[in-house]
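> What follows is a predicted protein model with its sequence.
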Amino acid sequence: WMRGPYTVSRSTDKSIDILVKVVGEKSKLFSIAAPGTPLQFGGKFKVPILEGIDIDTTKRVVLISTGVGVGPCVGAIENAIEQESFPPIDLIASYRTEDEVVYKDQLDKLQMEHSDKFSWKTIITSEQGRISSTADSLQVLKDTNFNAGMDDTHYHLIGNGQMVSEFKAGLQKAGVKDNKVTVEMYFNHKAEVDADAVSRIATTVALETAVVSQ
């Protein structure tokens, strides 16, 4: 086994789609593999995104991803849209540079065809900073067409360990219930949590709830 930034985005009974960022030996081997190259894979290692969401108590889903973490979000969004009873989804996808943005055409098409069920936005960290870097950046959490309060919004955090840890802590500090937050941490597990970022997240989510409640 070799570590590397890759993830499964979609799957069927007979196929899987793998999203790979080429940065090391494992990802290079993936990228140059000829069609028909045999692969060994296993799972499942985590609860799939949609299975972790209680649709009976949820009116809005917020997916926050970094890098290749957007991959599983795409497959989950496509499946959710097919379910009439599934709540609307906001995807906030963070990338280091504009060149790293993937699935843009597919996500734009889904947003155009299902505007009542799905919306998405990108954050380019090399230009805008991390989502939690300022109170202004965090306004993206409040920029939504879907009305829901803190008790009926589900957050799924996926990607960089620092982002996942800071948002999880911030949501908890704001009062979001544990069963309304699910996570997938890919790397950077031991990154130090920025206490100021946690406080900014908590304040933004609490204010968002106050606005919705009025």
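Looks like it arrived, so ask away.

> Strands of this structure, start to end?
In the chain, the strands defined using DSSP state E lie at 6-11, 16-20, 60-66, 89-95, 118-124, 153-160, 181-187.

> export those to TSV and tack on mean neighbour count?
For every residue, glycine as well, the C-beta is placed using N, CA and C. Converted to TSV, the strands of the chain look like this (neighbours: other CB atoms under 10 Å):
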stretch	mean neighbour count
strand 6-11	18
strand 16-20	16
strand 60-66	24
strand 89-95	23
strand 118-124	18
strand 153-160	24
strand 181-187	19
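
> Rebuild those strands as TSV, extending it with mean pLDDT and distance to Leu141.
As requested, the strands of the chain are exported to TSV (pLDDT from 0 to 100; distance: least, CB to CB, whole Å):
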stretch	mean pLDDT	distance to Leu141
strand 6-11	69	23
strand 16-20	72	24
strand 60-66	97	7
strand 89-95	97	7
strand 118-124	96	10
strand 153-160	95	9
strand 181-187	90	13
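
> Could you count how many residues lie near the closest residue in space to Phe187 that isn't next to it in sequence?
Excluding the flanking residues, the one nearest Phe187 by CB to CB, 6 or more residues apart in numbering is Gly161, at 6.1 Å. Burial of Gly161 is recorded as 17 neighbouring residues (other CB atoms under 10 Å).

> Same question for Asp143.
Here the number of neighbours of Asp143 (other CB under 10 Å) works out to 10.

> Now do the same contact list for it.
If you count contacts by CB atoms under 8 Å, 6 or more residues apart in numbering, Asp143 has them with Lys121.

> Output the lowest mean pLDDT helix or strand found in the chain.
None of the helices or strands of the chain scores lower by mean pLDDT, DSSP states H and E than strand 6-11, at a mean of 69.

> Asp178 contacts Leu171, doesn't it?
No: counting by CB atoms under 8 Å, Asp178 stays clear of Leu171, with 9.3 Å between them.

> Those two: who's more crowded?
A count of neighbours by other CB under 10 Å puts Leu171 above the other of Asp178 and Leu171, at 23 against 9.

> So for Lys21, what's the pLDDT?
Lys21 is assigned 67 on the pLDDT scale.

> meant to ask about Ser137, not that
For Ser137, pLDDT reads 94.
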